[in-house]
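Engineer: take a look and give me a structure for this.
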Amino acid sequence: MEDYELTYLVDPESGRDQAEDISKRINDFIQKAGGTIGKTEPPAKRALRYLIKKRANAFLVSVDFSLDKNIVKELGELLKKEGRILRILLVKRERPKREPRVRTARPLVQELTEPKDQKSEKVELGKIEEKLKEILGE
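Structural biologist: Just a heads-up that it's a prediction; the model follows:
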């Protein structure tokens, strides 16, 4: 299954009801073919920036869906056969790539040191030698 976005223009002379009927038939085709429909924009009348097939206005319809790529070819043929559709734009959408999670290494053995809060006192070398003799019993 691939993700697609379909946008098409319907002839304004057919009327809003016909544009909604075309939209419903296309959505039904996608669902019957095993696809799933995401976001759908209902037909909305828009002024065109330039004439398309001698029309200055058209109903704009947009559908996001997921469908097998072999069946998308059949959908394209269905759209081309529909005489009331002025223009078709079918785009394959890329799924966002996930960033690999970076794991931080955990120390296996904690250092055996004094806690960082305690300050160690500086001891002179002579005192260390005395302490060693005391401990060793010399």
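
Engineer: only C-alpha atoms for contact and neighbour calcs from this point on.
Structural biologist: Fine.

Engineer: what about this structure, any weak spots by pLDDT?
Structural biologist: 105-121, 123, 138 (pLDDT under 70).

Engineer: swap the cut-off to 90 and go again
Structural biologist: 1-2, 14, 69-70, 72-73, 76, 78, 82-83, 93-138 (pLDDT under 90).

Engineer: most centrally placed residue in it?
Structural biologist: P96 (4.2 Å; C-alpha atoms, centre = their mean).

Engineer: what does it show for phi and psi?
Structural biologist: phi -60, psi 130 (degrees, to the nearest 10).

Engineer: tell me how far V91 lies from S23.
Structural biologist: Separation of V91 from S23 (C-alpha to C-alpha, to the nearest Å) stands at 17 Å.

Engineer: quick one: which of these two has more around it?
Structural biologist: For V91 versus S23, the count of surrounding residues by other C-alpha atoms under 10 Å is larger for S23: 21 against 12.

Engineer: secondary structure class for the more buried one?
Structural biologist: Following DSSP: H, G, I helix; E, B strand; the rest coil, the label given to S23 is helix.
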